[in-house]
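> need a structure here:
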Amino acid sequence: MYDDIFDKIKMQKLQDLLREHNKTITSAESCTGGLIASMITELSGSSDIFNGAIVSYSNEIKMQELNVKNDNLDNFGAVSIEVVNDMLNGSINKFNADFSIATSGIAGPTGATKNKPVGTVVIGIGSKVHGNHIEIYHFNGDRKSVQIQAAKTSFKKFLLFFEKTLDK
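Below you'll find the model as predicted:
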């Protein structure tokens, strides 16, 4: 189903690496709406490396389920490095995972502001041991296209991040 997003060979490689090193992953998703979690669980045996995920579309759920700080939401907005950092930490703690992928963005067509146009997505990769790495991206296209690009970029970034942690 997701072959056009992230091929199964790369997903299998990622899952095999996590298994080999006895590591787990989770996700905390807003604009991708569970797409990342769905892609992980598409492969049989993913329960070895994946305990669960949170789709925290509303700010209330971000605060309740992921311990996102209200001050960060008020001061920086849901689509911010600060909120994604909280989402990473909250999901790692909630699911006792070694790694997390978090996304928050504006998939469109509504929701844009002057400083955060449609296609703005904050993607974070987090680790209990190696800290969090968060970047802001700007994708083009319609809502579905932005979601797919965000999910695809998330996995590419995670694979690079995870492979680097193996060297340490």
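> Longest helix in the protein, by number of residues?
helix 143-166 (DSSP state H).
> same for it, what does it pack against?
Packing partners of helix 143-166 (3 or more Cβ pairs under 8 Å, 6 or more residues apart in numbering; DSSP states H and E): helix 8-20, helix 35-41, strand 99-105, strand 120-127, strand 131-138. Where you see a C-beta, it was placed from the backbone N, CA and C, and this is true even at glycine.
> buried sites along that helix?
Within helix 143-166, the residues scored as buried using 16 or more other Cβ atoms under 10 Å are 143, 146-155, 157-159, 161-162.
> Assign the residue lying farthest from the centre of the chain to helix, strand or coil.
Going by Cα atoms, centre = their mean, the residue of the chain most distant from its centre is Lys114, 24.3 Å out. For Lys114, the assignment made with DSSP: H, G, I helix; E, B strand; the rest coil gives coil.
> Please save the CA atoms from stretch 89-99 in PDB.
Extracted in PDB, the C-alpha atoms of stretch 89-99 (Å, rounded to 0.1, in the frame of the first residue of the first chain):
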ATOM      1  CA  ASN A  89      10.100  13.000  24.900                       C
ATOM      2  CA  GLY A  90       6.400  12.300  25.700                       C
ATOM      3  CA  SER A  91       6.100   9.400  23.300                       C
ATOM      4  CA  ILE A  92       9.400   7.800  24.300                       C
ATOM      5  CA  ASN A  93       8.300   7.900  27.900                       C
ATOM      6  CA  LYS A  94       4.700   6.800  27.300                       C
ATOM      7  CA  PHE A  95       5.800   3.700  25.200                       C
ATOM      8  CA  ASN A  96       9.100   3.100  26.900                       C
ATOM      9  CA  ALA A  97      10.700   3.200  23.500                       C
ATOM     10  CA  ASP A  98      14.300   3.800  22.500                       C
ATOM     11  CA  PHE A  99      13.400   6.000  19.600                       C
END
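> Using neighbour counts, pick out the buried residues of that stretch.
Of all the residues in stretch 89-99, those buried under the rule 16+ other Cβ under 10 Å are 89-92, 94-95, 97-99.
> these two touch, right, Ile148 and Ser38?
No. Counting by Cβ atoms under 8 Å, no contact exists between Ile148 and Ser38, whose distance comes to 11.8 Å.
> lowest-confidence helix or strand of the chain?
helix 8-20 (a mean of 91; mean pLDDT, DSSP states H and E).
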